[in-house]
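Visitor: Give me coordinates for this.
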Amino acid sequence: MTPYNWNFPYSWPRKPVLAANVVATTQPLAAQAGLRMMLQGGNAVDAILATAITLTLVEPVSNGIGSDLFAILWDGKELHGINSSGRSPEGWTPEYFEKLYPGQKAMPTRGWNTVTVPGCIAGWKMLSERFGKLPFEKLFEPAIGYGRNGFLVSPTIARQWAIQAKELHVQPGYAEAFMPNGRPPAAGEIFSFPDHAATLEKIAATKGEAFYRGEIAEKLAAHSAKHGGVMKTSDLAAHQSDWTAPMEVGYRGYTVHELPPNGQGIVALIALGILEQFDVSSFPVDSADSLHLQIEAVKLAFADARRFVADLDWMDIKPEALLDRDYLKSRARLIDMKKAQDFGHGTPPKGGTVYLTAADAGGMMVSLIQSNYMGFGSGVVVPGTGVSLQNRGSTFVHTPGHPNQVAPRKRPYQTIIPGFMTKDGKPVMSFGVMGGTMQPQGHVQVVVRIADYNQNPQAASDGPRFRVVQGMEVNVEGGLAGSVLEELTRRGHKLAELKEGYMDFGSAQMIWKMDNGGGYLAASDPRRDGQAVGF
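Guide: Reported below is the predicted structural model:
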């Protein structure tokens, strides 16, 4: 028996897929690329990697060859985490940015001076070598085929593409790569990218060495120098991805797992640890009381994350201190059910992203996320390579002494987070909700819907969401009752209802392991082109 009901109370038309082998992600062609690997004898890792590689081509608005990557994997016996995010160039001193951008309080958001070393390729290699079954080169075949032969651009991606192109066409290499015929491709048009395909072939043949130490690395460094950046071949060669143990918090009998900083997964754990102090299910689902409580818990969690979360080597507290039970209880006591608040950080005890998930009949489950950040990331595309680069360095701060202050060879605060749930030491669900700062908020909201309100994963994905912006500002999705919005406003929340906010409220993909040993339920968020597939 499942711990949730099979009702689908929301108006979205999508239903879950139940099968022994499943893949779910934001783009159908990529999901099917993963399924192809399983049909050829591959496991969930082979499927997730083929999906991830294909996504760099068929959903370029959200990720690319120059992305970062994080993953949580259940190998059939235990959980493993991988942090494949990159570090800043050696030349990124505080003085460098002060001289380049005098008086500017925030980091730039586009161009070479936002690009940290991309990590996703190293992550692909590490996952494949340790857990994959198929040859590394085979995982690239679907993406290379789409790069050379082209694919039909969907209406959703065409719309996102057009919005981004208005800003990014001035960035070096962007228009040549992503505006064929002088404009972004329209819905239904074929987009091919031979340079991208050729680079994937080199990465596949060298197991990533060409990107970090060979021909591609040299092209990246030369392009950086030409356009005002300081990324060097030595920065690329120094990249190191890391296996890491996930962090966890208990919630309603489940254990929710997130990767430790520099990612913001700890935000979801803090918020759930605060909500654990309340009887959330005593309030009706989607009611003002339930939403108010979740919003306030998320605000408390972000207040701490903005002060303390950074590269683990630079944090001035241990991440575990933020999950201390007594500390979470003290933070929970700050919530006033009658009014909204703008919280500051506490004093802990001293001591435009893609999400994809796959699971196979052998019991392996993978939760993976990769991203360029802010749509096409930096907007920079290196000519002749198809490499579009992330802008993760834009999340550094200039505040002297802050653990996330920009510095050489340092990982910035990362928004992309994969999630995982277990119960009594056994896997329950791999999940993620893409979308910048929406990600931990989305994790909290889908977990609450499942654990407190017994909604099935598809319904938990479909339900209307909120998004804490900053201070008292909260965006809410269409679908919540007018009386609920009025009551939240009365309590002091400054609400903005975004009826067409598909880019603002994230996109969830979830795989739930059925307890009868018969396979999985895979759910894909209807807010995007996503698809769950299986056999």
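Visitor: where does the stretch 301-450 of the chain have low pLDDT?
Guide: 350-352 (pLDDT under 70).
Visitor: Recalculate using a threshold of 80.
Guide: By pLDDT under 80, the weakly predicted segments of the stretch 301-450 of the chain are 349-352.
Visitor: Now for residue 360: which residues touch it?
Guide: Remark: with contacts taken as Cβ atoms under 8 Å, 6 or more residues apart in numbering, residue 360 is in contact with 20-21, 38, 43-44, 47. For every residue, glycine as well, the C-beta is placed using N, CA and C.
Visitor: quick one: contacts for residue 389?
Guide: By Cβ under 8 Å, 6+ apart, the contact list for residue 389 reads 64, 66, 112, 115, 118, 220, 372, 377-378, 380-382.
Visitor: out of those, which is most surrounded?
Guide: residue 377 (33 neighbours; other Cβ atoms under 10 Å).
Visitor: Given the lengthiest strand in the chain, what are its sheet partners and their directions?
Guide: Across the chain, the longest stretch assigned as strand under DSSP state E is strand 426-434. Strand 426-434 has the following strand partners under DSSP bridges: strand 419-423 (antiparallel), strand 507-513 (antiparallel).
Visitor: Of all those strands, which one comes closest to residue 177?
Guide: strand 507-513 (24.3 Å; Cβ to Cβ).
Visitor: returning to what we had before: so for residue 234, which of the strands paired with strand 426-434 sits nearest?
Guide: strand 419-423 (34.9 Å).
Visitor: can I get the CA coordinates of the closest one in PDB?
Guide: Extracted in PDB, the C-alpha atoms of strand 419-423 (Å, rounded to 0.1, in the frame of the first residue of the first chain):
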ATOM      1  CA  GLY A 419      16.900  15.800  -3.300                       C
ATOM      2  CA  PHE A 420      16.300  12.300  -1.900                       C
ATOM      3  CA  MET A 421      14.100  10.700   0.700                       C
ATOM      4  CA  THR A 422      14.500   7.500   2.600                       C
ATOM      5  CA  LYS A 423      12.500   5.700   5.300                       C
END
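Visitor: Comparing the strands paired with strand 426-434, which comes out most buried?
Guide: strand 507-513 (a mean of 29; mean count of other Cβ atoms under 10 Å).
Visitor: any idea how far that one is from the chain center?
Guide: Taking Cα atoms, centre = their mean, to the nearest Å, one finds the center of strand 507-513 at 13 Å from the center of the full chain.
Visitor: That one - what's its average pLDDT?
Guide: For strand 507-513, the mean per-residue pLDDT is 96.
Visitor: do stretch 183-191 as well
Guide: 97.
Visitor: got it, and stretch 153-172?
Guide: Confidence over stretch 153-172 (mean pLDDT, whole number) is 94.
Visitor: The nearest residue to residue 280 once chain neighbours are set aside: what's it in contact with?
Guide: Excluding the flanking residues, the one nearest residue 280 by Cβ to Cβ, 6 or more residues apart in numbering is residue 452, at 4.4 Å. Counting by Cβ under 8 Å, 6+ apart, residue 452 touches 252, 280-281, 285.
Visitor: between the strands paired with strand 426-434, which gets nearest to residue 214?
Guide: Nearest of the strands paired with strand 426-434 (Cβ to Cβ): strand 507-513, 33.6 Å.
Visitor: following the helix or strand where residue 200 lies, which helix or strand comes up?
Guide: Per DSSP states H and E, residue 200 falls inside helix 194-206. Using DSSP H and E, the helix or strand that follows helix 194-206 in sequence is helix 209-212.
Visitor: picking up where we left off before, closest one of the contacts of residue 360 to residue 320?
Guide: Closest to residue 320, out of all of the contacts of residue 360 and judged by Cβ to Cβ, is residue 44, at 29.5 Å.
Visitor: Give me the number of neighbouring residues for that closest one.
Guide: Neighbours of residue 44 (other Cβ under 10 Å): 32.
Visitor: my guess is it contacts residue 356, does it?
Guide: No. Using Cβ atoms under 8 Å, residue 44 is not in contact with residue 356, being 10.8 Å away.
Visitor: what's the neighbour count on the residue found closest to residue 112 once you drop the neighbours it is linked to in the chain?
Guide: Counting by Cβ to Cβ, 6+ apart, residue 229 is the residue found nearest to residue 112 once chain neighbours are left out, at 2.8 Å. Look at residue 229: counted by other Cβ under 10 Å, it has 23 neighbours.
Visitor: Distance-wise, check residue 229 relative to residue 223.
Guide: 8 Å (Cβ to Cβ, to the nearest Å).
Visitor: Give me the common contacts of these two.
Guide: Common neighbours of residue 229 and residue 223 (Cβ under 8 Å, 6+ apart) are residue 112.
Visitor: The stretch 201-350 of the chain: helices as residue ranges?
Guide: Under the criterion DSSP state H, counting those that start in this stretch, the stretch 201-350 of the chain carries helices at the ranges 209-212, 215-226, 233-237, 265-275, 288-308, 325-332.
Visitor: Tell me which of these lies nearest to residue 498.
Guide: Set against residue 498 and scored by Cβ to Cβ, those come closest in helix 288-308, at 15.2 Å.
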